[in-house]
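J.: what's the 3D shape of this:
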Amino acid sequence: MPFHTAKTQSMTGFSLAEVLVAIVICLVFGAAAFASNQRLLLALKSQKETTAATMALQWRMESFRSTAFSNIASHDYVKNNILTVRTSTDSNGTVTDPFAPLGSITEQLTIGVYPADGSTPTVMRWDASHPTGQDVSTNSGLGSATLLKVDVLETWTSADGRSRIREISTIVGIGNIGI
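T.: Got it, this is the predicted structure:
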């Protein structure tokens, strides 16, 4: 009688353990891509805020540069015509708010005699809770100085929850653009 051996058919494939390892690797890759995307979006928003703060500081400083020295020395003028002005209008009538991307910003203007003579500077602050401005200190004698130092400080909370600060200073003198 002939002797026949049964041929076994070989089946190849992935075991359950290999499939589970592949799924875990895909999940880890997906989570890493998602986390990287979130960090990138946060970094982009933070950069947008920094750019907006720089633009707002420059806009504010241009307001001082285009103002007569006697008006810069005047507490009321600065408070009513510079600090509380929050938007600008271009020649086409387009109104822009340079502070909008910064959310809850606090702005502080400090105007003092330069070089410092020990006198109290005029300090004013603006934030959403004080839209008409808040006086921290005043000095009515700034008009007798020949040079004034103007500091503009902006503070806001960034998208990532960090407190951010930008500051700019300039010195103005009699003959700035007026008397």
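
J.: with just CA atoms, put stretch 61-69 into PDB.
T.: This file holds the C-alpha atoms of stretch 61-69, laid out as PDB (Å, rounded to 0.1, in the frame of the first residue of the first chain):
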ATOM      1  CA  MET A  61       5.200 106.300  20.600                       C
ATOM      2  CA  GLU A  62       4.300 107.900  17.300                       C
ATOM      3  CA  SER A  63       1.400 109.600  19.200                       C
ATOM      4  CA  PHE A  64       3.900 111.100  21.600                       C
ATOM      5  CA  ARG A  65       6.300 112.100  18.800                       C
ATOM      6  CA  SER A  66       3.500 114.000  17.000                       C
ATOM      7  CA  THR A  67       2.500 115.900  20.100                       C
ATOM      8  CA  ALA A  68       3.800 119.200  21.300                       C
ATOM      9  CA  PHE A  69       6.200 119.200  24.300                       C
END
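
J.: give me the buried positions along that stretch.
T.: Residues 63-64, 67-69 are the ones in stretch 61-69 that count as buried (16 or more other CB atoms under 10 Å). The C-beta positions use only the backbone N, C-alpha and C, and glycine is treated the same way.

J.: chain center to that stretch, what's the gap?
T.: Centroid displacement of stretch 61-69 relative to its chain, using CA atoms, centre = their mean, to the nearest Å, is 22 Å.

J.: check stretch 66-77 too.
T.: 27 Å.

J.: quick one: end-to-end length of it, please.
T.: The first and final residues of stretch 66-77 sit 13 Å from each other (CA to CA, to the nearest Å).

J.: from residue 18, how far out is residue 120?
T.: Here the criterion is CB to CB, to the nearest Å. By it, residue 120 lies 76 Å from residue 18.

J.: do the same with residue 64
T.: On the measure of CB to CB, residue 64 and residue 18 end up 69 Å apart.

J.: cool, and residue 62?
T.: From residue 62 to residue 18 the distance is 66 Å (CB to CB).

J.: residue 80 too?
T.: Distance from residue 80 to residue 18, by CB to CB: 74 Å.

J.: before we move on, what about residue 37?
T.: Taking CB to CB, one finds residue 37 at 29 Å from residue 18.

J.: any idea which helix or strand comes after the longest helix along the chain?
T.: When the chain is parsed with DSSP state H, its longest helix is helix 16-65. Stepping forward along the backbone from helix 16-65, the first helix or strand reached (DSSP states H and E) is helix 69-72.
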